[in-house]
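S.K.: sequence and predicted structure are below.
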Amino acid sequence: MSSVLRSAVSGQDPLIPGNYRPISSHLAIAPPVSVVIPAMNEAENLPYVFKTLPDWIHEVVLVDGNSTDNTVAVARELWPEVKVVGQQGRGKGDALITGFEACTGDIIVMVDADGSADGQEIVSYVSALVSGADFAKGSRFANGGGTSDMTPIRKLGNRVLCAIVNAKFGARYTDLCYGYNAFWRHCLDDIDLDCTGFEVETLMNIRVVKAGLKVQEIPSHEYLRIHGASNLRAVRDGLRVLKVILEERSNRRALRRRPHAVALDSGQGELS
């Protein structure tokens with residue numbers, strides 16, 4: 001049995017040694033989990049976001065992008081121990097990088113602040129990581145996933161960009177531009193993030209493949225934004241994503257020499 005994942009007898013109180021955190025009546029984990037939420041003027045949505053977060057997570061890091069509403073006050077009311085970090089730069093990528101630096105957990109989970117992500121799915125991401133994956137990548141198009149928040153043009157753009165990444169970098173992704181992901185904190189040393197905008201998820205997905213990290217796709221459902229309007233602009237941000245893809249150098253030849261370095265899963269077993 002894994003040293004970081006233990007089961008207790010179903011129907012009995014679990015025996016949790018040391019600092020193990022109960023997830024359910026028969027499951028517990030040791031690694032502390034940090035959840036990073038970049039937010040700007042999301043006070044109306046945060047109640048829906050925090051409502052779904054499991055109570056066994058180690059910490060919530062809210063990166064406030066200079067909100068003009070009461071985003072910070074609402075977050076502190078909903079989660080009194082929340083760690084609030086002020087964003088000095090601009091853009092989602094900058095916010096996530098700021099949040100990652102503030103995390104103290106061994107596992108980091110990225111969650112959007114618009115209410116589109118279900119926090120109850122975090123257990124699936126964490127389970128994949130403690131079972132051997134380095135990076136647990138959410139996918140709306142893997143078996144069991146779905147989306148209520150993508151226009152046909154965005155779906156087409158995501159499909160085309162995903163195909164380009166798969167062809168150029170030897171990946172087998174089913175989704176590319178999705179912000180619900182989780183990873184071991186040590187992965188940050190391998191991917192060296194250096195972008196500021198919505199293209200950050202694409203850059204992460206490319207660089208984990210280039211680094212030879214083990215990836216597992218997690219089927220996820222994306223819900224509609226509950227309140228407010230997204231800052232995402234399909235054409236503008238799509239072009240930024242394309243620019244990132246084209247500028248990143250491929251190392252497929254090196255990866256072919258390490259055929260088991262990257263393992264992807266869409267709920268149907270490893271595809272390495």
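M.R.: Here it is on my side, so go on.
S.K.: tell me where the model's unsure across this protein.
M.R.: 1-19, 228-238, 252-272 (pLDDT under 70).
S.K.: please, where are all the helices along it?
M.R.: Ranges of helices in the chain, per DSSP state H, are 46-52, 71-78, 92-102, 122-130, 152-169, 188-191, 200-210, 234-247, 252-256.
S.K.: can you name the residues in contact with the third one?
M.R.: Contacting residues not belonging to helix 92-102 are listed as 36-38, 40, 61, 63, 65, 83, 85, 87-89, 108, 110, 179, 185, 188, 193, 195-200, 203, 231 [Cβ atoms under 8 Å, 6 or more residues apart in numbering]. Where C-beta positions appear, they are placed from N, C-alpha and C, glycine not excepted.
S.K.: ok, the fourth one next?
M.R.: The set of residues external to helix 122-130 that reach it, using Cβ under 8 Å, 6+ apart, is 2, 4-5, 23, 29, 31, 33, 35, 53-54, 57, 107, 109, 111, 136, 138, 180-184, 216, 218-219, 265.
S.K.: could you redo the last one with a cut-off of 7 Å?
M.R.: Residues from elsewhere that reach helix 122-130 (Cβ atoms under 7 Å, 6 or more residues apart in numbering): 2, 4-5, 23, 29, 31, 33, 54, 107, 109, 136, 182, 184, 216, 218.
S.K.: out of these, which are inside strands?
M.R.: Among those, the members found in strands (DSSP state E) are L5, I23, I29, V33, I107, V109, A136, A182, W184, Q216, I218.
S.K.: ok, the last one to G144 distance?
M.R.: Read it as I218. The gap separating I218 from G144 is 9 Å, by Cβ to Cβ, to the nearest Å.
S.K.: neighbour-wise, which of these two wins?
M.R.: I218 (26 against 13; other Cβ atoms under 10 Å).
S.K.: pretty sure the more buried one is touching R140, no?
M.R.: No: checked against Cβ atoms under 7 Å, the pair I218 and R140 is beyond contact range at 10.4 Å.
S.K.: which one of the helices of the chain lies closest to D175?
M.R.: Nearest of those to D175, taken as Cβ to Cβ: helix 152-169 at 6.6 Å.
S.K.: which strands or helices does the closest one pack on?
M.R.: The contact analysis (3 or more Cβ pairs under 7 Å, 6 or more residues apart in numbering; DSSP states H and E) places helix 152-169 against helix 200-210, helix 234-247.
S.K.: could you dump those helices to TSV with distance to P47?
M.R.: Shown next, in TSV, are those (distance: least, Cβ to Cβ, whole Å):
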stretch	distance to P47
helix 200-210	25
helix 234-247	27
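S.K.: please identify the most buried of the ones you listed.
M.R.: Of all these, helix 200-210 has the most neighbours on average by mean count of other Cβ atoms under 10 Å, namely a mean of 23.
S.K.: now that one: how far from the chain's centre is it?
M.R.: Averaged C-alpha coordinates place helix 200-210 at 12 Å from its chain's average position (Cα atoms, centre = their mean, to the nearest Å).
S.K.: next: stretch 126-135.
M.R.: Between the mean C-alpha location of stretch 126-135 and the chain-wide mean there is a distance of 13 Å, by Cα atoms, centre = their mean.
S.K.: show me what counts as buried in stretch 41-52.
M.R.: Of the residues in stretch 41-52, those with enough neighbours to count as buried (16 or more other Cβ atoms under 10 Å) are N41, E42, A43, E44, N45, L46, Y48, V49, F50.
S.K.: lovely, talk soon.
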